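Q: Pasting a predicted model and its sequence here:
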Amino acid sequence: METLTYFLPQVWFGILALFLLLYVMLDGFDLGVGILSLTSSTEERRGILMTSLSNIWDANETWLVLMGGALFGAFPLAYATILSALYIPIFIMIFGFIFRGVAFEFREQARNKLIWNVSFGVGSFLATLGQGFALGGVLKGIKVDASGHFIGGHFDWLTWQTILVALTLIQGYVLIGSTYLIWKTEGELQNIHYATAKLSAVTTLVGAVIITIGTPIFSDFARERLFSKPLVYLFAVIPVLAVVLIWQLIRSLNNEAERTPFIWTILLFVLTFFGLGLVVFPYIIPTQITIYEAAADPSSLVFMLIFIGALIPVMLFYNIYQYFVFRGKVTNAHYGE
Amino acid sequence: MEFLSNTLVLSRMQFALTAIFHMLWPILTTGMGVYLVIVEGLWLKTRNPQYYYHARFWAKLYILNFGIGVASGIPMEFQFGTNWAPLSEAIGNFFGSIIGFEASMAFMLEAAFLGIMVFGWQRVNPYIHYMATILVAFGANLSSFWILVANSWLQNPTGVEFIEGEFVVKDYFQAIFNPYMPNSVLHMVFATWETTLFVIGGISAWYILKKRHEAFFGTSLKIALAAAIIIAPLQLYIGHLSGEQVYHYQPTKLAAMEAQWETIPAGVAADWSMLAIPNEKTQQNDWEVKFPNALGYILEFKKELSEPVQGLKEWPPENRPHLLGLIYYSFRIMIAIGFYFAGLMLVSVIQWLRGQFSPEKITQQPWLMWGWILAAPLGYIAVECGWTVRCVGRQPWTVYNYIRTEDAVSNLPPGDVLTTLTLFASVYAILLFAAFYFGSRIIRKGPDFDLPLPGMEEQPPLKTEPGEFMPDERPVEAQQ
């Protein structure tokens, strides 16, 4: 029984982290490309940007749907408390998704594309902004009563720290979106995104440094966690690795490499994510609710593990396959025809 | 305007609005997914390019639907947490896992293979493409299954124990295959198929009426009609079984559907109320048209009821559904549409058997074509009516007999919910308008017969006779 009550929530924490990481990487570049589309000067360019996403955007977004469903099933209390506490950021994200999701097909059909261009770019921006505030809001901590129900105010998620997290997330998505476009496009469009990648690499770095330094200063919990042994050794290694990765990223951008910038960015995302996970674990709502308190009944966790767990490799396989089918540069605004 | 400061009412309105709007889109993606499997299969089998152009033409409407379906589906999933946090916490053990299953088994499959289905014609060989089309349709229909499993469990929570305000699953098999589920799944899946058939048939009829590509759209009309021969009558029967279930498991809902105030004991024959004006204040119907002795036939195919039909007065007002008129008439509208479909199918089949569906004669029956055009939107109305009966009729319960809707709602500032509700109403109105606008443009433009046929580029263009075409039979790997 001991193993069940500890081991299963940990496994599910790991699975949810995997879904969230996949989501942040895949829809991260997706939303980043959307934000970058706001800077496109011509319809042709914007068309290429959207074409580079048209076959994958819904599958990328599905990782979030999957994360939401799995969170609902595995940690019902966390699902309920986090979503109701972050009502406004969640709906900013949802409306962002609606605006950008419908823009793909409507823009394709429309003669006057302006409204759908705005819908796509602004929608991507709003979705990212909502996610940034939600992430910041969770990391900052949510006010709950003894049984874990939200008792805070509806603007608790809005502080200068969460604004900083949201801005940094936007930069991060622009960075990964730029490196994706470097991989998928060529010529002038590629050159533009070497520039946006360099710029956003710097701004992401600035945001990340402020957050990294600021967190232990302003959060007692994070300070204790970061300097506790043996974690302190890990937390000492992470910034070193981050510096190495950023160095490699900038070098690859300067060498005008086509694929490695995306890969270095992905690794940076993985590293950041790993660091965040270490700070947060075993809490699912930091300093308030642990994964053990929020976990569903062991029978549910086992049942979900059998079905969803077994499907993870299958889902990964066919997602990779479909990236493989659409490999290569996007050169015009129409796929496949 | 007291409801503007009532979070419960606003959250209910938001859920109703987003659910009603979302429901419009998956109908076509599930039903038309199957239709696309059929026409693409016919193309691969016969290599008749007409079927290929069918697949391409209808897929355009399919994609238009899909984007809005995805965009409007996300609010559904997250709303359980945002607006119904206490409910989410109580039902997460079961309901949450099912939502997770839906995402991982069905939705991901659909989303991932949709890219290949829509954009992959020239990138994979026709058989891989066909597999993608099948998986997309399979994923969509599997979604219907899981969503109806989740909803049926709310209607009739089995396989669980309610401990300290939380449902703990004792038997997953019982919870998933609860007696309410199989019929609900069938009824919904058939509803999406039937609605799609009449949408496809209705659009085809419009072209035929306009004398545009009569032969081409005669084919799709005939495919739709052939499927309707089985589906339309069967759906009526499944609908009857669903009514029987309500009779057994949800007496409050049955009483509301029939606006029945007094209990009818077992063993007697009772009238069926055809039209009525229910009055909740006086607890009776102000006006009513009855069909004598019909209730027993409707519920059980025999004159005398074997179980009593409980009247609304059996329960105190706080334990009964309200909005009786809505429930009562939604139910009747749904049934009327079901019979209209079956009747239209019957008349069309007779005309078909009389040889009136040949390309020359089919344009000469404007009344029949109008019958089909009229049928195109009706399926949607029937589906929305059915869900209204199912969910408004379940009130005051969210989880039938366990959790009341008023206890299920998150404690949110009403202003926040009012803001999102207003935004949903305006955004969805725009989306509905845009979908109609672009949808009708796709229809007016018609099929594009200039699209290149996939998998044929390597054929010498002129020297081969059509009959000599040999499909590529090498293994899939060798073809690429």
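A: Cool, got the structure.
Q: Helix, strand or coil: sort out B:Lys290 for me.
A: strand (DSSP: H, G, I helix; E, B strand; the rest coil).
Q: Would you enumerate the residues in contact with it?
A: Residues near B:Lys290 by C-beta atoms under 8 Å, 6 or more residues apart in numbering or on different chains: B:271-274. Using the backbone N, CA and C atoms, a C-beta is placed for each residue, glycine as well.
Q: all strands for the stretch 251-400 of chain B, in order.
A: Secondary structure of the stretch 251-400 of chain B (DSSP state E, counting those that start in this stretch): strands at B:272-279, B:284-291, B:397-399.
Q: what does the first one rub up against?
A: If I follow you right, that is strand B:272-279. By C-beta under 8 Å, 6+ apart, the residues outside strand B:272-279 that reach it are B:258-260, B:285-291, B:294-295, B:298, B:324-325, B:328, B:332.
Q: Return the members of the residues you listed classed as buried.
A: Buried by 16 or more other C-beta atoms under 10 Å in any protein chain shown: B:258-260, B:285, B:294-295, B:298, B:324, B:328, B:332, out of the contacts of strand B:272-279.
Q: need the contact list for A:Leu231.
A: Taking C-beta under 8 Å, 6+ apart, one finds A:225, A:278 in contact with A:Leu231.
Q: which other helices and strands contact the longest helix along chain B?
A: As assigned by DSSP state H, the longest helix anywhere in chain B is helix B:7-46. If you count contacts as 3 or more C-beta pairs under 8 Å, 6 or more residues apart in numbering or on different chains; DSSP states H and E, helix B:7-46 packs onto helix B:49-83, helix B:126-155, helix B:181-209, helix B:214-249, helix B:366-392, helix B:405-408, helix B:414-445.
Q: Compute the inter-axis angle for the fourth one and helix B:181-209.
A: The one in question is helix B:214-249. Orientation note: helix B:214-249 sits at an angle of 150 degrees relative to helix B:181-209 (axes from the mean of the first three to the mean of the last three C-alpha atoms, to 10 degrees).
Q: try the last one
A: Here helix B:414-445 runs at 40 degrees with respect to helix B:181-209, directions being taken by the same axes, to 10 degrees.
Q: ok and helix B:414-445 relative to helix B:7-46, angle-wise?
A: Taking the same axes, to 10 degrees, one finds that helix B:414-445 is oriented at 20 degrees with respect to helix B:7-46.
Q: Would you pull up how far the longest helix of chain B lies from the middle of the chain?
A: 6 Å (C-alpha atoms, centre = their mean, to the nearest Å).
Q: now swap in stretch B:227-247 and tell me
A: 14 Å.
Q: buried residues in that stretch?
A: Neighbour counts using 16+ other C-beta under 10 Å place B:227-228, B:231-232, B:235, B:238-240, B:242-247 of stretch B:227-247 among the buried residues.
Q: Output those in CSV, with distance to chain A and pLDDT appended to each entry.
A: Compiled in CSV, the buried residues of stretch B:227-247 are given as follows (distance: C-beta to the nearest C-beta, whole Å; pLDDT from 0 to 100):
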residue, distance to chain A, pLDDT
B:Ala227, 27, 93
B:Ala228, 28, 93
B:Ile231, 28, 93
B:Ala232, 31, 93
B:Gln235, 30, 94
B:Ile238, 27, 93
B:Gly239, 30, 92
B:His240, 33, 90
B:Ser242, 27, 90
B:Gly243, 31, 88
B:Glu244, 31, 86
B:Gln245, 26, 88
B:Val246, 28, 89
B:Tyr247, 32, 87
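Q: Which parts of the stretch 201-337 of chain A are helices?
A: In the stretch 201-337 of chain A, the helices defined using DSSP state H, counting those that start in this stretch lie at A:220-226, A:231-254, A:260-280, A:291-294, A:298-304, A:310-325.
Q: tilt between the helix or strand harbouring A:Ala134 and helix B:49-83?
A: A:Ala134 is part of helix A:114-140 when elements are defined by DSSP states H and E. Helix A:114-140 runs at 40 degrees relative to helix B:49-83, counting by the same axes, to 10 degrees.
Q: In the stretch 151-300 of chain A, where is pLDDT below threshold?
A: Within the stretch 151-300 of chain A, the set of residues satisfying pLDDT under 70 is empty.
Q: at 80 instead, please
A: Within the stretch 151-300 of chain A, the segments meeting pLDDT under 80 span A:216, A:218-222, A:226, A:229-231.
Q: Show me what residue of it gets nearest to chain B.
A: Closest contact between the stretch 151-300 of chain A and chain B, by C-beta to the nearest C-beta, is at A:Ser300 (4.4 Å).
Q: So which bits of the stretch 201-337 of chain A are right by chain B?
A: By C-beta under 8 Å from any C-beta of the partner chain, the part of the stretch 201-337 of chain A that sits against chain B consists of A:296-297, A:299-300, A:303-304, A:307-308, A:311-312, A:315, A:318-319, A:322, A:325-326, A:335-337.
Q: Which residues are in contact with A:Asp27?
A: A:57, A:60-61, A:63-64.
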